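Participant: Quick one: sequence plus predicted model below, questions after.
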Amino acid sequence: MELKFTSRGNRYINFIIEKTEQMRIKINQLLFLVCLFGSIILTGCQKWEDHNDVTDQELKQDLFVQIKGNTNLSKFAELITKSGYDKVLASSRTFTVFAPTNAALASLDAAIIADSAKLSAFVGNHITTQTYFTTGATTQLRLKMLNGKYQNMLNKSIDVATIVEADKYAKNGVVQVIDKMLPVLNNGWEVIQTDASIPALQKNYMLSLFQKMFDPTNAVQIGINQTTGEPIYQPGTDSVTINKFWRSVYDLKDESKQFTLFVLTDAAWTSELNKFKPFCTTLTNNADSTTNFASWAVVKDLAIEGLYNATATTDTVLSKFNVKVPVDKAAIVQTIKTSNGVIYIMNKVDVQPRHKIQPITIEAENYRTTSVDKRGNTYFRDRLNPVTGKIFRDVNVYNHGTVLFNINYRVNEVYSGVKYKAYWVALNDFNGGTAFNQKLAFETPTANTFTLQKADGYTAVNANVYTEVLLGETTLPVYKPVLDVYLTAANSGAAAVNPIVCDYIRLEPQF
Amino acid sequence: MRKFLIKNVLVAAMAVTGLVSCKKLLDVEPKDQLDVSQMYRNVYDADAAIIGIYGKFQTLAERYILLNELRADMLDYTANADEYLRQLSTHTVTKDNPYASPKPFYELIINCNDVLKHFNIMRQENKLKEAEYNQRYSDVASMRSFLYLQLGIHYGKVPYVTDALETVDDVKNESKFPKLEFDVLLDSLIKTMEAIPFKDQYPSGTTLNISVDGYQTNKFYINKKIVLGDLYLWKGNYRKAAEYFRQVMETATTGTPGSQYYMQYKLGWSGSRTSPGSDDHFVRYTRMGDASTLAWTNSWVTMFERAQDNGFNYEWIWVIPFDNKFKPENPFVKLFSPVGGSYLVKPSQEAMDLFNSQTQLAVQGNGLPYDARGNYTWRHIGNQPVVMKYLYNYLDKNTSAPVNILQKNSKWFLFRQTQLLLHFAEAANREGRYLLASAFVNNGLSGAYPAPGSDVTNYHNTLWDSYPYNFDARNSGSSGVPYYRSDWYRHQGIRARANVVNNTYSASDSLVQIENSIVTELGLENGYEGTRWPDLLRIALRRNEPSFIANKVYNKLIKSGASAGLAEAAKQKLLSKDYYLPFNW
């Protein structure tokens, strides 16, 4: 359906005639000129070549030829040849080469030159693909080098080296001459594993966190379970070994990012551990378990993403779990630079329990499970809270007809020996103004957990209350890696008596 | 030197040769252009001219939406927008702003004039039958009046040209075409529109009411009575406005009563909110009270997504499709979509606040504290608010990803039944029919005139009133005695259909309160459908109350993060009754 407006065609026709005429004249002119130029080109081709030719001789040379030609880079040129990277640099790809001067390479360990693998890694640490100019590095670039490590480039610096001769073009890239070499460093995890200066207690604990995890990516299937229909894998192929620290905190092997890790001296580690052991007691007073729980409580906050500069003015960092970690510069025993960040060995990192043990908020609509499937009686409701002025979503189960109906939530790593005050916001705007009772319970749906609850453990939900209601306090006798929390309906089947409603539950630790 | 001499001589010689030898060649008629002598020979040529007019009208779609929405309070520009778009929103339009040029309007107007001139000639030469002429002439004349109304709305004083000019630039000749005041322009347009010989839509069976590329063409064409009703509404002749709107409302009140009879342009139901029909466009939840179950099928949003079926035809009065199968290209994906488009405009914070200031009908406790039409009208895609109304034929409603990234289909939504009923209510309110006007905004005629018992004989109606305010919505239920199923018995009211609570009005100041609530409702229901600025301006002009429009624009600018100075300047400009764009090209 091409829609086109086509009236007053006569004018167009005149226009076309006119245009055609003009065009004819142009064509004739063109033909003539083509003949004319043809003869000129025949005789004068040499001149064009002169005009188009590359005048900058450096652009005719590839990177390796140019490096070889620079007497100040002769040592690096030797290393390139020795490591075989000369063939790489002569290829058709483009590279940026950070070439250390002869003076910078004077202190290079002879053992590296002698070991071909180490030499290859060393030379590869100075070369990256694509061209990077100092003018383009006005914000920090993290460049992946050919050996898989990364270097930070910012203006005329790469890592700690300064670019002394910048942006030298070659046929297949650019050479940056630098005044220091870029040694190949271990990453954070490799340092923990191999560096002798890492204190033993924290190191041993971190290395003890390996566990096998199911991962069918590379598994070999050898059959099918006749009952469940699930695949059966060849033993040993269906799992990978992974460290809990990589998974739950940060993967310190990741070269592309930067991390700061604080490692405590053995004395500091022991002192921190003892501080948190009372919050990690077990039912049988098992010392090993308590140590284990406390160790995790301590270590999980000791890494942060990014490079923490010890000279920075801040003296507190915020961990991944929002815990304030004080960093006293005077407590830094040793600084170890890694390929992906830095490790500080500290003789004190005094994290306060009131910072470590944080309030727990449970959004009631994000429950884990219910005692009976009552989705058909469950309402996720949006309401405006006039107290906060914000819209919230809650969960309301109504007319479910089940005595002691309950909703289950799970909270991880709840500490013992600390008093928690419990609050909820529960809006009863649907029950005709009649109050009803519901219960918040730990561990089992019918437990009596909090001090202010009635004798049967229930709390009244009065009509149209938008504020937090205090349910009382409780102290867990033992540390719970996983704590079950229940919201339980009244022991009745009547709709007006047994509803459940809740916006959120908040557990506030008391110090 | 010698070379150039030779060249000149050669060229001259060749040119002369070219001239003498090619005369015959050039006499051949070109195949893709029509000479005027070949145009306008029969009714099919006349149809082609009309299709041509509407084809060119489609190229105004982007401009229409931007002028009518971005200048008002509900649409905002994004970081991607250029300076000229920002000018529209902040009311700082410079003379070189291409979006503000009236030229494209006048180009189409000149085309309309040319077509009308030739229709007259065809009629004189008997190339068109009288009925054919009447239908086509009236259509093009209405289109031209619509364009002039748009010009009046955005430029205030404009030249009124009804001649077939040779070039569009002649319009700028003020000695020949003096600029008319908006009010005088309205008089001229009403006079023209009253004089057109045919005020209905193309009847079925005529050559323009057909199916092309999978689209029924009957909704493409302008509704002449809507134009008339709107013109009278602008003019302040509320009785005449209401009469024309009422005629459109009764379009389907003919023949055997059925779904179309009770539903089309009457905002009728076919099912209920809990057991929806496929055609009634309720805002609904699959389990009422559970906010997580907002329905995306057979619901309010369906009207923007659905093909031209019954539900579409009952709701929409004027819609022109954009399809990847034909030109021109759909401008709306470019304007609105961050996926496959340029994402130039977005819903304003003021608009979001408007949706969030409503309360839904109470179920399982209090009502939800927002208008779900907002959830259907815009959504976040990649953390950016996106106007969705035009994108439901392009982006999948569940995933927000394009169904087919290259098939940018959409529709240009120009007018539908809710605007019709609300404009009728606007007129009725001004004529002192407060309860009737509020009935259309709130929960319908039977809601406003409820029956105390099962005998509805004296309720559910306004039959004591004179035309056009006499409605019969009596519904006795299936077992009521006496039994009533009157013409308007399924009518439900706009807020009732949208699942929001009734507006309440204090008796002391009903007129202004109801008028304000009608404008608010137009925003909630018809936001981004290209009538926001006209709706605001009409009220501001009528009440001589520039603050009505100035405060809304000010709020939009302040909430969108514009500087206080910029927002204040826009406010002062509008407060000084400077509502218009520079007339310049």
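Facilitator: Looks like it came in fine. Residues are numbered from 1 along each chain as shown, chains lettered A, B, ... in the order given.

Participant: those helices in the stretch 201-350 of chain A, which residues are they?
Facilitator: Assigned by DSSP state H, counting those that start in this stretch, the stretch 201-350 of chain A shows helices spanning A:244-248, A:266-276, A:287-299.

Participant: Same question for chain A.
Facilitator: A:9-52, A:63-69, A:74-83, A:85-89, A:102-105, A:110-114, A:116-124, A:188-194, A:200-207, A:244-248, A:266-276, A:287-299, A:353-356 (DSSP state H).

Participant: can you list contacts of the last one?
Facilitator: If I follow you right, that is helix A:353-356. Helix A:353-356 is contacted from outside by A:Lys275, A:Phe276, A:Phe279, A:Ala297, A:Asp301, A:Val323, A:Lys324, A:Val418, A:Pro509, A:Phe511, using CB atoms under 8 Å, 6 or more residues apart in numbering or on different chains. For glycine as for every other residue, the C-beta is placed from the backbone atoms N, C-alpha and C.

Participant: What are the buried residues along that helix?
Facilitator: Neighbour counts over helix A:353-356 (16 or more other CB atoms under 10 Å in any protein chain shown) mark A:Pro353, A:His355, A:Lys356 as buried.

Participant: re earlier: of the contacts of helix A:353-356, which is the most crowded?
Facilitator: Of all the contacts of helix A:353-356, A:Ala297 has the most neighbours under the rule other CB atoms under 10 Å in any protein chain shown, reaching 24 neighbours.

Participant: Spit out the contact partners of that one.
Facilitator: Residues in contact with A:Ala297 (CB under 8 Å, 6+ apart) are A:Phe276, A:Phe279, A:Cys280, A:Lys356, A:Glu413, A:Tyr415.

Participant: thinking the first one is in contact with A:Ala294, fair?
Facilitator: Looking back up the chat, that one is A:Phe276. Yes. Between A:Phe276 and A:Ala294 there is a contact under CB atoms under 8 Å: 4.4 Å.

Participant: Quickly note the distance from the closest residue to chain B within the stretch 151-300 of chain A to A:Ile192.
Facilitator: Chain B sits closest to A:Lys257 of the stretch 151-300 of chain A, with a gap of 23.3 Å, by CB to the nearest CB. A:Lys257 sits 16 Å away from A:Ile192, going by CB to CB, to the nearest Å.

Participant: Which one's more surrounded, the two?
Facilitator: Set A:Lys257 next to A:Ile192 and count neighbours by other CB under 10 Å: A:Ile192 wins out with 21 against 15.

Participant: who's in contact with that one?
Facilitator: Neighbouring residues of A:Ile192 by CB under 8 Å, 6+ apart: A:Ile198, A:Lys203, A:Met206, A:Leu207, A:Leu252, A:Leu261, A:Val263, A:Ile343.

Participant: What remains of those residues if I keep only buried residues?
Facilitator: A:Ile198, A:Lys203, A:Met206, A:Leu252, A:Leu261, A:Val263, A:Ile343.

Participant: for those, which one is nearest A:Tyr479?
Facilitator: Among the buried ones among the contacts of A:Ile192, A:Met206 lies closest to A:Tyr479 (CB to CB), at 20.3 Å.

Participant: and the closest one, what pLDDT?
Facilitator: On pLDDT, A:Met206 comes in at 93.

Participant: B:Val301 and B:Arg379 touch, don't they?
Facilitator: No. Here B:Val301 does not reach B:Arg379: they are 10.5 Å apart, not a contact under CB under 8 Å.

Participant: out of the two, which sits in the busier spot?
Facilitator: B:Val301 (23 against 17).

Participant: Figure out the length between the terminal residues of stretch A:385-396.
Facilitator: 16 Å (CA to CA, to the nearest Å).

Participant: Which residues of the stretch 201-350 of chain B lie near chain A?
Facilitator: By the rule CB under 8 Å from any CB of the partner chain, the part of the stretch 201-350 of chain B lying against chain A is B:Val212, B:Asp213, B:Arg287, B:Gly289, B:Asp290, B:Ala291, B:Ser292, B:Lys325, B:Phe326, B:Lys327, B:Pro328.

Participant: change it to 7 Å
Facilitator: Neighbours of chain A within the stretch 201-350 of chain B, by CB under 7 Å from any CB of the partner chain: B:Val212, B:Asp213, B:Gly289, B:Asp290, B:Ala291, B:Ser292, B:Phe326, B:Lys327.

Participant: Distance of the third one relative to B:Leu524?
Facilitator: B:Gly289 sits 21 Å away from B:Leu524 when distances are taken as CB to CB.

Participant: Low-confidence regions, chain B specifically.
Facilitator: Scanning chain B with the threshold set as pLDDT under 70 gives B:1-36.

Participant: How about it: which residue is closest to chain A?
Facilitator: Residue of chain B nearest chain A, by CB to the nearest CB: B:Gly55 (2.3 Å).

Participant: For that residue, give me phi and psi.
Facilitator: phi -60, psi -40 (degrees, to the nearest 10).

Participant: Just give the number of residues close to the residue lying closest to A:Lys82 once chain neighbours are set aside.
Facilitator: In space, and not counting its chain neighbours, A:Lys82 is closest to A:Leu119: 6.3 Å by CB to CB, 6 or more residues apart in numbering or on different chains. A:Leu119 has 20 neighbouring residues, counting by other CB under 10 Å.

Participant: what does B:Lys577 give?
Facilitator: Residues near B:Lys577, counting by other CB under 10 Å: 14.

Participant: Kindly report the same for A:Val482.
Facilitator: A:Val482 has 9 neighbouring residues, counting by other CB under 10 Å.

Participant: now B:Thr94
Facilitator: B:Thr94 has 11 neighbours, counted by other CB under 10 Å.

Participant: show me the contacts for the nearest residue to it once chain neighbours are set aside.
Facilitator: Among residues not flanking B:Thr94 along the chain, B:Gln87 sits closest, at 6.3 Å (CB to CB, 6+ apart). B:Gln87 sits next to B:Val93, B:Thr94, B:Asn97 when contact means CB atoms under 7 Å, 6 or more residues apart in numbering or on different chains.

Participant: that older thread, among the residues of the stretch 201-350 of chain B next to chain A, which pair sits farthest apart?
Facilitator: Most distant of these, by CB to CB, are B:Gly289 and B:Lys327, 47.5 Å apart.

Participant: before we move on, back to that, from the contacts of B:Gln87, which is closest to B:Ile494?
Facilitator: Nearest to B:Ile494 among those, with distances taken as CB to CB, is B:Val93, at 33.3 Å.
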